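Asker: fold the following and give me the result.
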Amino acid sequence: MNAFQERDGELWCEAVRLSEIGEAVGTPCYVYSRSTIEHRYGVLSSAFAGLAARIFYSVKANHNLAVLGIVRDLGAGVDVVSLGELYRARRAGFDGPDIVFGGVGKTTAELEAALSEGVRVIVVESEGELRRLDELAGARGEQAPVAIRVNPGVEAGKHSYTQTGHYGSKFGVAWEDSADIYRLASSLRNIRSVGIHAHIGSQILSPEPYRLMLFRLGETLAELRRSGVELQYLDIGGGFGVDYVDGSEIDLKEVAAAVEVVVTEFNLTCLLEPGRWLVAPAGVLLARVLYVKKLGEQNYYVTDVGSNDFMRPSYYDAQHPIDVVARPAANDTNTVTADIVGPVCETGDFLGRGRSLPALSEGDLLAVRYAGAYGFVMSSNYNSRRRAAEVLVSGSTYDVVRRRESLEDLLALEDPPPT
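Answerer: Here you go, the predicted structure:
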């Protein structure tokens, strides 16, 4: 399903012209499709339908309250990695058992909040964190529900920054040490081991890394069973890939088949933590062409979207398709190869390089595809730029679900000393 379709030479989101949103709301502007999120949730649920499984949406991908409300109504829980994400989840209507709290560097305040909210699972990533959580839970007279994050030594994912399942990354405990960590957990009075967790990366397009991860987790589970440790949950994280260039995706049913072997043998419920796979194709970022310029043989389209608004191209060298919202007349076949850049004072401020597009003019509207994940959530106020608006389209209507920041918002938290 693709909710962003061209009709009569113009790009639409569901039953709304993107040009209408661009004119009414302004740019930069993120636009999300409700139907796309709902459809993709259904596809993922169907792939794992034969298993005892539940989806816990990864809030870090897109934390807008409207998006959280959609996945809540679909029956998902959430995976959070900070106190702020926990606060958002609670405001969006998720209760404690709907929440998995992860993150490699949780503070004391975050661990205490996780205990206070009664989250389903606290994912622990080091011996030090385990001992601190034992102390905090003991002070409350409780037992903390824990899943140890195991680093299985598996390299997977398209970019080194998002490969999290090998020992060159900071995440989890080493696979060969995992059984010892569980034995330590069993000796701590205020810890209750309920699950095992692994997340090996992002943008994984082959089921093979999941098979290797599950094989190694299975060996740990077998050793734990011999030690008398029985768990409830197998949390495989997320990382399901979508190729932004050709649209190819991972075969979810093959992943589910590999999961089935482990959950059946050890009588576990599978927890899934997708983020990007659910929401990336559900969003575009609207940009307006400010100027057309040429330096020597190099063409530039200067837009009003900066790397502060959308840092993925600069940070990850991510190749997002860029479409013209309203195409020129059919008899105008001229194309131009150009860099599509922004207004931020950095050479690394670009949306795409060497892109072939119809010849554009000042005022033309562009749509950056696959912007529903890791777009607005990673934006900043660099250059004192106001962060973009966010819009949710539902059929033939749309709502501004986060207004554009004002100049006053930029200074709202500052308290300068008196002159």
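
Asker: please point out which parts of stretch 216-235 sit buried.
Answerer: Residues Arg216, Leu217, Gly218, Thr220, Leu221, Leu224, Val229, Leu231, Gln232, Tyr233, Leu234, Asp235 are the ones in stretch 216-235 that count as buried (16 or more other CB atoms under 10 Å). In short, each C-beta sits where N, CA and C put it, glycine included.

Asker: go on, stretch 403-414?
Answerer: For stretch 403-414, the buried set under the neighbour-count rule, 16+ other CB under 10 Å, comprises Arg404.

Asker: do stretch 198-218 as well
Answerer: If you call a residue buried by 16+ other CB under 10 Å, then stretch 198-218 has these buried ones: 198-205, 207, 209-214, 216-218.

Asker: repeat for stretch 299-317
Answerer: For stretch 299-317, by 16+ other CB under 10 Å, it's 299, 301-314, 316.

Asker: just checking, what packs against the longest strand anywhere in the chain?
Answerer: Secondary structure of the chain per DSSP state E: the longest strand is strand 283-295. When contacts are defined as 3 or more CB pairs under 8 Å, 6 or more residues apart in numbering; DSSP states H and E, strand 283-295 sits against helix 18-25, strand 29-33, strand 298-303, strand 365-368.

Asker: so which of these is the most packed in?
Answerer: Among the helices and strands packed on strand 283-295, the stretch with the highest mean neighbour count (mean count of other CB atoms under 10 Å) is strand 29-33, at a mean of 27.

Asker: for Ile70, give its distance to Met378.
Answerer: Separation of Ile70 from Met378 (CB to CB, to the nearest Å) stands at 20 Å.

Asker: so between these two, which is more surrounded?
Answerer: Set Ile70 next to Met378 and count neighbours by other CB atoms under 10 Å: Ile70 wins out with 24 against 15.

Asker: for the most centrally placed residue in the chain, which non-adjacent residue is closest in space?
Answerer: Centroid check for the chain by CA atoms, centre = their mean gives Ala61 as the closest residue, at 2.1 Å. In this structure, Ala61 finds its nearest non-sequential neighbour in Gly275, 2.9 Å apart by CB to CB, 6 or more residues apart in numbering.

Asker: pull the number of nearby residues for the one you found.
Answerer: With other CB under 10 Å as criterion, Gly275 counts 26.

Asker: which other residues reach the helix or strand containing Arg211?
Answerer: Using DSSP states H and E, Arg211 falls within helix 208-226. With CB atoms under 8 Å, 6 or more residues apart in numbering as the test, helix 208-226 has contacts from 150, 152-156, 165, 175, 178-179, 182, 196, 198, 200-201, 204, 230-231, 234, 236, 255, 258-259, 261-262, 265-266.

Asker: could you list the low-pLDDT ranges of the stretch 301-419 of the chain?
Answerer: 328-333 (pLDDT under 70).

Asker: and if we set it to 80?
Answerer: For the stretch 301-419 of the chain, the stretches flagged by pLDDT under 80 are 327-333.

Asker: quick one: the helices in it?
Answerer: Under the criterion DSSP state H, counting those that start in this stretch, helices of the stretch 301-419 of the chain are mapped to 312-316, 407-411.

Asker: closest to Met1 out of those?
Answerer: Closest of these to Met1 is helix 312-316, at 22.9 Å (criterion: CB to CB).

Asker: can I get that closest one in CSV? Just the C-alpha atoms.
Answerer: Provided in CSV are the C-alpha atoms of helix 312-316 (Å, rounded to 0.1, in the frame of the first residue of the first chain):
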residue,chain,number,x,y,z
ARG,A,312,19.4,11.6,8.1
PRO,A,313,21.0,12.5,4.7
SER,A,314,23.9,14.3,6.4
TYR,A,315,24.3,12.0,9.4
TYR,A,316,23.7,8.6,7.8
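
Asker: report all helices and strands that it contacts.
Answerer: Applying 3+ CB pairs under 8 Å, 6+ apart, we find helix 312-316 packed against strand 350-358.
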